[in-house]
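Asker: Predicted model follows, preceded by the sequence.
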Amino acid sequence: MNKLKCVISYDGSRFEGYQIQKEKRTVQLELHRALTRIHKGFEMRVSASGRTDSGVHAIGQVIHFETPLTIQPESWKNALNAYLPKDIWVSKVTMASPAFHAQFDVVKKEYRYKVSLSKEFNVFTRNQIFHYPYKINLEAVKEAAGYLVGTHDFTSFCSIKTATTNRIRTIYELEVIATGDELVFRVVGNGFLYNMVRIIIGTLLDIGQERKKPKEILSILEARDRNAASKTAPAHGLYLWNVMYNDN
């Protein structure tokens, strides 16, 4: 069996998330369908670096699958893109070692969250960027973001539905990039809890609106209580940007 590693992007607007769910359109379902067709009806399965929620996009999601077929990586890329719907795109295919696992070998992940501060609503980007037409104290947002960098218990910044009991995670970088009327939050960490990035963004935007002070981040972390943080930012502004392994 050959193991293939693929980097894929997708527009999450019309998907009910990545993971297969009964009677719902998901990214994983479409991948399975494409691979099954390529394998002449033999049912195939793929593993991903992690799941994304309904409406969340990806630029650098990583998957792997095993196949008995001997096809060159570039030909695999072409075949997959021929069978996949146009809101999924395979950007890279490489041979992987037999021991590689797209989920368990992850070292870091990078997410980006896009916000439009424009007073005008853009109908063409309504599913790709969160429209937030309010004045923001950018320096306060950047100060607050700095308090989140490092290793912390992020219980306050994850959904109450989170099944994981270990809520300690490390954020290596949390950058706030302002370009014109657009804000991009760039977050790099060793792993993320359910809704963690979106709750962080919702809280930072509240701080930007001066509903909270930057140093309140410290007490929110200390509280270990979801109610201490702000509302969860909408899914459509979030992108799984890059997944990093020891070999890249």
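Answerer: Structure's in. What do you need?
Asker: can you give me the helices for the chain?
Answerer: With DSSP state H as the criterion, the chain has helices at 27-38, 73-83, 138-148, 196-208, 216-223.
Asker: Save those as JSON lines, and put in distance to residue 114, mean neighbour count and mean pLDDT too.
Answerer: Quick note: C-beta positions are derived from backbone N, CA and C, even for glycine. JSON lines is the format used below for these (distance: least, CB to CB, whole Å; neighbours: other CB atoms under 10 Å; pLDDT from 0 to 100):
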{"stretch": "helix 27-38", "distance to residue 114": "20", "mean neighbour count": "19", "mean pLDDT": "96"}
{"stretch": "helix 73-83", "distance to residue 114": "25", "mean neighbour count": "16", "mean pLDDT": "97"}
{"stretch": "helix 138-148", "distance to residue 114": "14", "mean neighbour count": "18", "mean pLDDT": "98"}
{"stretch": "helix 196-208", "distance to residue 114": "10", "mean neighbour count": "24", "mean pLDDT": "98"}
{"stretch": "helix 216-223", "distance to residue 114": "22", "mean neighbour count": "17", "mean pLDDT": "98"}
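Asker: Quick one: closest of the ones you listed to residue 155.
Answerer: For residue 155, the closest of those is helix 216-223, at 8.2 Å, according to CB to CB.
Asker: I'd like the helices of the chain as TSV, with distance to residue 172 appended.
Answerer: Listed next are these as TSV, based on distance: least, CB to CB, whole Å:
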stretch	distance to residue 172
helix 27-38	26
helix 73-83	30
helix 138-148	11
helix 196-208	14
helix 216-223	16
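Asker: Compare these and report which one is nearest to residue 100.
Answerer: Minimum separation from residue 100 across those (CB to CB) falls at helix 73-83, 14.0 Å.
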